[in-house]
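K.L.:
Sequence below, structure please.
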Amino acid sequence: MLDLRFIRANTDKIKDMLQKRGYELDISRFEELDKERREIITEIEALRSKRNEINHQISEKRKKGEDASLLIEEMKEISLRIKEKEKELPDIIKKFEDMLLIIPNMPHESVPVGKDEDDNQVVRYWGERPEMSFTPLPHWEIGERLGILDFKRAARLAGSRFAIYKGAGARLERALINFMLNIHTREHGYTEVLPPFMVNSGCMTGTGQLPKFKEDLFKVEDWDLYLIPTAEVPVTNIHREEILDESELPKYYVAYTPCFRSEA
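P.N.:
Numbers count the residues shown, from 1 in each chain. Sure thing, here's the model as predicted:
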């Protein structure tokens, strides 16, 4: 999420940069919500200060045996106004935070600008494309021919776009997972973790999946739990709401998990 102070100070620049990536930032709506939120907070703080002042005056009058009924009535009215404003605030804060959460990062100035994939540019490449003396097949066709992938039976189990890995295919999948984990843990000092495959909405929000990608996620009905779209979500949240000492950093974690998201 972009820093709020940065957005306030650079609204026009941010709007122009985000337009380059096809995102239209409603600056007027942002400023309206920001202003309303700050005004309510300022008013609540002023009312609380006034209430404390009146409460002190009431105490002084009582010490002197004087009538404080007018001040008491005034304090009641102020307390009522505070409650009314405190009821308004959460809704404004939610609307404002929801808007902040969907504002994407700005593209780097070096990124080429284009409307669609037809405007894509090759920035750099590595190696040479191999010249083949035959027509190459996509991996799914090779897998079916070798008998290590079964799409027809998988479709009966779960619908289209699923596969059953069989024999060498299943062993290859397992070997690749182990290869990745072993490389990271044995050669690069990572700690392997096996996180939960479900996380709460706070984790999803913290890593940017909510609210932007809500429609791509699988939610557990009647529970504040989502199937993870990538291992990044639980791993990134391992130290959520913790304060780490600099001497403990950096921390390196690696994990293999299934990934559940509708766009996949």
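K.L.:
and Thr135, what element?
P.N.:
Per DSSP states H and E, Thr135 falls between elements, in no helix or strand.
K.L.:
hang on, I meant Glu144
P.N.:
The secondary structure element spanning Glu144 is helix 139-146 (assigned by DSSP H and E).
K.L.:
List the contacts of the helix or strand just after that helix.
P.N.:
With elements assigned by DSSP H and E, the helix or strand that comes after helix 139-146 is strand 149-150. Applying CB atoms under 8 Å, 6 or more residues apart in numbering, the external contacts of strand 149-150 come out as Trp140, Gly143, Glu144, Ala163, Ile164, Tyr165, Lys166, Gly169. Backbone N, C-alpha and C define where each C-beta goes, glycine included.
K.L.:
for the helix or strand following strand 149-150, which positions count as buried?
P.N.:
Later in the chain than strand 149-150, the nearest helix or strand by DSSP H and E is helix 151-158. Judged by neighbour count (16 or more other CB atoms under 10 Å), helix 151-158 contains these buried residues: Ala154.
K.L.:
what is the mean pLDDT for helix 151-158?
P.N.:
Across helix 151-158, the average pLDDT comes to 96.
K.L.:
Show me the strands in this protein, by range?
P.N.:
Read by DSSP state E, the chain holds these strands, from start to end of the chain: 149-150, 164-165, 191-192, 198-199, 226-227, 253-254.
K.L.:
can you pull the pLDDT of Ser69?
P.N.:
Per-residue confidence at Ser69 stands at 92 (pLDDT).
K.L.:
Near it, how many other residues are there?
P.N.:
Using other CB atoms under 10 Å as the criterion, Ser69 is surrounded by 9 other residues.
K.L.:
Could you break the protein into its assigned domains?
P.N.:
By the assignment in the TED database, the chain contains the domains 26-102, 136-189, 190-263.
K.L.:
can you redo those domains as JSON lines with distance to Met17?
P.N.:
Supplementary listing: these in JSON lines, determined by distance: least, CB to CB, whole Å:
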{"stretch": "domain 26-102", "distance to Met17": "13"}
{"stretch": "domain 136-189", "distance to Met17": "35"}
{"stretch": "domain 190-263", "distance to Met17": "18"}
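K.L.:
if I pick Glu144, what's in contact with it?
P.N.:
Glu144 neighbours (CB under 8 Å, 6+ apart): Asp150, Phe151.
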